[in-house]
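Visitor: quick one, fold the following:
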Amino acid sequence: MTNTIEDRRTAGTDRADRTGVRGLVARHPLVSFAALALGLSWAAWIPYILSPHGLGVWDLHFPEFLGTAQFTGILPGALLGPLGGAFLVTALADGRPGLRRWVGRLWRWRVAWYWYALALVGVPAIIVATGLPFSGGVVQAPSMLALVALVPGLVVQLFTTGLSEEPGWRDFALPRLQERFGPLGAAAVLGPLWALWHMPLYLSDWGGWPDAHWTEPLVFAVFTITFNVVMTWVFNRTGESLPVVLLLHVGVNNTISTLWADMYPGMTAGTMMHGLAIVSTVAAAVLLVATRGRLGYTGSTPATTTAAARDRDRLVGSNDGTR
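Guide: Predicted structure coming up:
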């Protein structure tokens, strides 16, 4: 009798999980994550966008830290969105085992040294060189202050931008997307989603409001979508190492914010983004061709999985004497 009662309780819990919020999230984890990542961040950013730091609709000034109000006005929304959304969906859909897997990628730092060199030296060097054709001949050596600020700036970016975004985009979403759609499909979904998440910020000083040209969000989207291909390749080739991906992401941001304005004083943000978009597009195209669209992914694509399933069905049918 005790076992019967316990079985009924378990069955009742399972039915509740399937029909309640937990069940909905478990059935649609990617859609749930996308809704939370965008919805939570965008809702949290509304006061900043409406403040004098953006549209100027109401007189609400955010405290400044390190010379900018973006830490207090934008960072909380970034933490709530990709990071908070990934945590909630993982907890609801996969429970503690899923959370252990999710957090586990953050500690996969034992990869070959050249991946760290690529993230910390190679890509930043390419970014700096990208500005040369667009500089109009106005180039100067970085100041000592800019060089000294490189490491502290990287640390700040790592614990703000990096940890607020990458546990969501690459740690949570990318493995699930690749398992479902393959590497090309995953890149086609995640890149635009990552770009879309940033778009409201173009109504604030983050995006140069009100002086930014209307094409700048489009060029930024091109850069984000194509750079996502590069990050997907690095993520796969390093065995899903989140530390390397974090450093790659924040290395780009840190180079732009620390060195770019110092070395190219006459270059606008719009011109800078054009250069980055061109280089990122070329890099993405080279990787897609060189890897034949696999982008370092070693798992089974949906087409391969479906074909294998059909082969198994035929084999089972033959063994059963059916045709």
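Visitor: residue contacts, the residue nearest to the spatial centre of the chain?
Guide: Closest to where the C-alpha atoms of the chain average out (Cα atoms, centre = their mean) is residue 169, at 3.5 Å. By Cβ atoms under 8 Å, 6 or more residues apart in numbering, the contact set of residue 169 is 82, 190, 193-194. Any C-beta I mention is one placed from the backbone N, CA and C, and that applies to glycine too.
Visitor: taking those one by one, which sit in strands?
Guide: In strands, judged by DSSP state E, none of these are found.
Visitor: which of these has the most neighbours?
Guide: Using other Cβ atoms under 10 Å as the neighbour criterion, residue 82 leads these with 30 neighbours.
Visitor: report the buried residues of the longest helix seen in the chain.
Guide: In the chain, with assignment by DSSP state H, the single longest helix is helix 174-198. Residues of helix 174-198 classed as buried: 174-178, 181-184, 186-191, 193-195, 197-198 (neighbour count, 16 or more other Cβ atoms under 10 Å).
Visitor: identify all contacting residues around that helix.
Guide: Residues contacting helix 174-198 (Cβ under 8 Å, 6+ apart): 29-30, 34, 37-38, 41, 81-82, 169, 173, 207, 220-221, 224-226, 228-229, 232, 235-236, 240, 288, 293-297, 299, 301-303.
Visitor: one more: stretch 220-227?
Guide: Contacts to stretch 220-227, defined as Cβ under 8 Å, 6+ apart, come from residues 191-192, 194-196, 198-199, 202, 207, 252, 273, 276-277, 280-281, 283-284.
Visitor: related to what we said a few turns ago, C-terminal to the longest helix of the chain, what's the next element?
Guide: Counting by DSSP states H and E, the element after helix 174-198 in chain order, helix or strand, is helix 216-237.
Visitor: now the contacts of residue 169 in CSV, with distance to residue 213?
Guide: Formatted as CSV, the contacts of residue 169 follow (distance: Cβ to Cβ, whole Å):
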residue, distance to residue 213
82, 27
190, 26
193, 24
194, 22
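Visitor: so which pair among those is furthest apart in space?
Guide: 82 and 190 (11.1 Å; Cβ to Cβ).
Visitor: so how far is residue 125 from the residue nearest to the centre of the chain?
Guide: Relative to residue 125, residue 169 is positioned 24 Å away (Cβ to Cβ, to the nearest Å).
Visitor: do residue 144 as well
Guide: In terms of Cβ to Cβ, residue 144 sits 19 Å off from residue 125.
Visitor: tell me which of those two has more neighbours.
Guide: Taking other Cβ under 10 Å, residue 144 and residue 125 do not tie; residue 125 has more neighbours (12 against 8).
Visitor: contacts for the host helix or strand of the more buried one?
Guide: Here residue 125 sits within helix 123-130, counting by DSSP H and E. Contacts to helix 123-130, defined as Cβ under 8 Å, 6+ apart, come from residues 248, 251-252, 254-256, 259-260, 263, 275-276, 278-279.
Visitor: any idea of the angle the longest helix of the chain forms with helix 216-237?
Guide: 160 degrees (axes from the mean of the first three to the mean of the last three Cα atoms, to 10 degrees).
Visitor: look up the closest residue to residue 243, ignoring the ones flanking it.
Guide: Using Cβ to Cβ, 6 or more residues apart in numbering and skipping residues adjacent in sequence, the residue nearest residue 243 is residue 109, 4.4 Å away.
Visitor: residues in contact with the helix or strand hosting residue 156?
Guide: Take DSSP H and E as the rule and residue 156 turns out to sit in helix 144-157. Outside helix 144-157, the residues within contact range by Cβ under 8 Å, 6+ apart are 66, 120, 247, 250-251, 253-254, 257-259, 262-263.
Visitor: what about burial for these, which qualify?
Guide: 120, 247, 250-251, 253-254, 257-259, 262-263.
Visitor: tell me the contacts of the nearest residue to residue 146 once chain neighbours are set aside?
Guide: Once flanking residues are discounted, residue 146 sits nearest to residue 262: 4.2 Å by Cβ to Cβ, 6+ apart. With contact set as Cβ under 8 Å, 6+ apart, residue 262 has these partners: 140, 142-143, 146.
Visitor: what about these, which one has the most neighbours?
Guide: Ranking those using other Cβ under 10 Å puts residue 146 first, with 17 neighbours.
Visitor: which residues of the stretch 201-323 of the chain score low on pLDDT?
Guide: Along the stretch 201-323 of the chain, the parts satisfying pLDDT under 70 run over 301-323.
Visitor: equivalent analysis for the stretch 51-200 of the chain, please.
Guide: For the stretch 51-200 of the chain, no range has pLDDT under 70.
Visitor: can you list the buried residues in stretch 210-221?
Guide: Going by 16+ other Cβ under 10 Å, stretch 210-221 has these buried residues: 212, 216-217, 219-221.
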